[in-house]
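Undergrad: sharing a sequence plus its predicted fold:
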Amino acid sequence: EKGGYDYFMLKEIAEQPKAVADTLLGRIDAAGSLTLDEVRISTAELREIDKVVIVACGTAFHAGLIAKYAIEHWTRIPCEVELASEFRYRDPILDPRTLVVAISQSGETMDTLMALRHAREQGSKVLAICNTNGSTIPRESDAVLYTHAGPEVAVASTKAFLTQLVACYLVALYLGQVRGTKWGDEIRAVIRDLSKISQEVERVLKTMEPVRELARSLSAKNTVLFLGRHVGYPVALEGALKLKELAYMHAEGFAAGELKHGPIALIEEDMPVVVVAPSPRGRSVLHDKIVSNIQEIRARGARTIVIAEEGDEAVAPYADHLISIPATPTLLQPLVATVPLQVFACELATARGNEVDQPRNLAKSVTVE
Ligand code: F6R
């Protein structure tokens, strides 16, 4: 059942290109437009929406953080992302023009379920993004967009995360398409790029041996920090979460620009710091900033592990270890940038003798609040 792999997690990491492709299947028509008929919220209603609120936990929450960048950029609808466990306790502002998106692999996470019940009581429409057919969260939602990752067995989420991202992009692009925005051309171009992205994920998977080697060499470390900007920031959070839950190491993700406001004090000689560099094309300001962040931490002794687009000459001189990923549009980069971080955490956990598929203290679905 592990299909020749030692762990379900390895199998599920390897299944990601297919999971991504399956989640796109049938949702892009021949003309390059999105058809999300299964989302039973009328286009009239979608045009009326004035706010999107995403609720989720853990890895699904990180998918939501990335979705916010996409939704606000392509649709100009304000979007908030909230930990489901905090949501209903702070009396959130919700009304029938708020679209609440609940993201959950299992569809059974109690925190997320309680958040969506609260939203529906306030009259908001709830769209679930879920991987499990017929589970509670989609059953109690107004509409559902299923991710087609197939069953995820390992406790640490991998392929479900990538498909949650795909579903979030589809929702963002669909809202843009339905409502019409000035980004029409960009939306069409991104739909084209998205339809080819599973091949890029496949390419990343083929180049992971140096990442595994690096992970093994760091197995005696106590702390690993992760930095990113823009959508690279939630990717950094996800990299840190994977390392905590699998390797039981102290790991933290930071927005790179926030470093100088405190966390830079943590940097010690030879401390591994993973940096997710944005594409040097497109929004080059972001890229310039990350290069100076890398220089800052390196000057303080950090061992820099940089995930950067192929051919990124500007970061190379400051990277003690360079992990190359294929070029993608900025907003889609998390689909390729997360993969090395999954492999890194899995290999480090194995090197430390941990049970990869079943980390201590954790359960696959958290059905208590
Ligand atoms: C981390 C992980 C958890 C889940 C979280 C939400 O690898 O798996 O953080 O993402 O418990 O679970 P779902 O998506 O089932 O609601």
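TA: Yep, it's here.
Undergrad: now the strands: where do they sit in the stretch 151-300 of the chain?
TA: Applying DSSP state E, counting those that start in this stretch to the stretch 151-300 of the chain gives strands spanning 223-228, 250-255, 272-276.
Undergrad: can you give the strand pairings for the last one, parallel or anti for each?
TA: Right, the one you point to is strand 272-276. strand 223-228 (parallel), strand 303-309 (parallel) (DSSP bridges).
Undergrad: most packed of these?
TA: Highest mean neighbour count among the strands paired with strand 272-276 (mean count of other Cβ atoms under 10 Å): strand 223-228, with a mean of 26. To be clear about C-beta, it is placed using only N, CA and C from the backbone, and glycine gets the same treatment.
Undergrad: any idea of the angle it forms with strand 250-255?
TA: 20 degrees (axes from the mean of the first three to the mean of the last three Cα atoms, to 10 degrees).
Undergrad: give the rounded mean pLDDT of strand 223-228.
TA: Throughout strand 223-228, pLDDT has a mean value of 98.
Undergrad: now swap in stretch 236-247 and tell me
TA: Mean pLDDT, stretch 236-247: 98.
Undergrad: all helices of the chain, in order?
TA: Assigned by DSSP state H, the helices in the chain fall at 8-14, 16-24, 43-48, 58-75, 84-87, 110-121, 136-139, 159-179, 184-195, 197-205, 209-217, 232-247, 284-299, 334-351.
Undergrad: who wins for proximity to residue 150 among these?
TA: helix 16-24 (6.5 Å; Cβ to Cβ).
Undergrad: which strands or helices does the closest one pack on?
TA: Applying 3 or more Cβ pairs under 8 Å, 6 or more residues apart in numbering; DSSP states H and E, we find helix 16-24 packed against helix 159-179, helix 197-205.
Undergrad: so what touches that helix?
TA: 147-150, 158-160, 162-163, 166-167, 170, 194-195, 197-199, 201-202, 205, 335, 339 (Cβ atoms under 8 Å, 6 or more residues apart in numbering).
Undergrad: before we move on, the earlier item: for the ligand, find the nearest of the strands of the stretch 151-300 of the chain.
TA: The ligand lies closest to strand 250-255 among those, at 12.7 Å (Cβ to the nearest ligand atom).
Undergrad: pull the distance from the helix or strand bottoming out on mean pLDDT in the chain to the chain's centre.
TA: Sorting the helices and strands of the chain by mean pLDDT, DSSP states H and E puts helix 184-195 at the bottom, at a mean of 89. Computed by Cα atoms, centre = their mean, to the nearest Å, the separation of helix 184-195 from the middle of its chain amounts to 19 Å.
Undergrad: tabulate the strands of the stretch 151-300 of the chain (JSON lines), appending distance to residue 237.
TA: Shown next, in JSON lines, are those (distance: least, Cβ to Cβ, whole Å):
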{"stretch": "strand 223-228", "distance to residue 237": "7"}
{"stretch": "strand 250-255", "distance to residue 237": "4"}
{"stretch": "strand 272-276", "distance to residue 237": "10"}
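Undergrad: for residue 14, find the nearest of those.
TA: Across those, closest to residue 14 is strand 272-276 (Cβ to Cβ), at 21.6 Å.
Undergrad: in PDB, list the C-alpha atoms belonging to the closest one.
TA: C-alpha atoms of strand 272-276 as PDB (Å, rounded to 0.1, in the frame of the first residue of the first chain):
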ATOM      1  CA  PRO A 272      20.700  27.100   9.400                       C
ATOM      2  CA  VAL A 273      18.300  29.600   8.000                       C
ATOM      3  CA  VAL A 274      16.200  28.700   5.000                       C
ATOM      4  CA  VAL A 275      15.200  31.600   2.800                       C
ATOM      5  CA  VAL A 276      12.500  31.400   0.100                       C
END
